[in-house]
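S.K.: Predicted model follows, preceded by the sequence.
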Amino acid sequence: MANVRRPGAYVCGIDAAMDVIGGKWKVLILWALNVRPHRFGELRRELPGVTEKVLAAQLRELEADGIVHREAYDEVPPRVEYSLTPRGASLNQALGALGAWGRVNILGGSAAAHEVREDDDVPLISGAP
């Protein structure tokens, strides 16, 4: 179950949700994990600019909130994969509407925004594979 960081301090549901996804990298981590499970290094490469320390901290927080599942395999060398929990998948569905809003209201003036549909598989960062 999730650990609530500010019990009783939430004003509304959006306040509670923002406590979970707040931070520069969490939403991008969620989008990456929506495609498939990733190892730590894969996530780091997919999110240029994130430091190892910040990525590790964000993943720990998402795991504590029940959004991300960390699977450690008993292998040599050790292997750890991160994936979305059902709660994380439902959060990504909610973020889909926010992404659609951004495409219409923020990116609406660019020609590229009109070429991308909600169900298209597009890279998080332009130029990424």
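M.R.: Great, that's in hand.
S.K.: rest of the way, CA atoms for contacts and neighbours
M.R.: Fine.
S.K.: Centroid-wise, who is the farthest residue in the chain?
M.R.: For the chain, the residue at maximal distance from the C-alpha centroid (Cα atoms, centre = their mean) is Val76, at 28.2 Å.
S.K.: all strands for the protein, in order.
M.R.: Taking DSSP state E, the strands of the chain run over residues 38-39, 68-73, 79-84.
S.K.: list the buried ones in the second one?
M.R.: Of the residues in strand 68-73, those with enough neighbours to count as buried (16 or more other Cα atoms under 10 Å) are 68-70.
S.K.: Look up how far Leu98 lies from Ile106.
M.R.: In this structure, Ile106 and Leu98 are 11 Å apart, going by Cα to Cα, to the nearest Å.
S.K.: how about the spatially most central residue of the chain, what does it touch?
M.R.: With distances taken as Cα atoms, centre = their mean, Leu30 lies nearest the centre of the chain, 1.7 Å away. Applying Cα atoms under 8 Å, 6 or more residues apart in numbering, one finds that Leu30 lies in contact with 84, 88, 92.
S.K.: Model confidence for it, exactly?
M.R.: Residue-level confidence at Leu30 comes out at 94, pLDDT.
S.K.: heads up, I number from 36, so please use that
M.R.: All right, first residue 36 from here; so that's Leu65.
S.K.: So it versus Val46, what's the distance?
M.R.: Computed with Cα to Cα, the distance linking Leu65 and Val46 is 24 Å.
S.K.: Give the burial count for the residue nearest to Ile56 when sequence neighbours are not counted, as a bare number.
M.R.: For Ile56, ignoring the flanking residues on the chain, the nearest one in space by Cα to Cα, 6 or more residues apart in numbering is Val62 at 6.2 Å. Using other Cα atoms under 10 Å, the number of residues around Val62 comes to 16.
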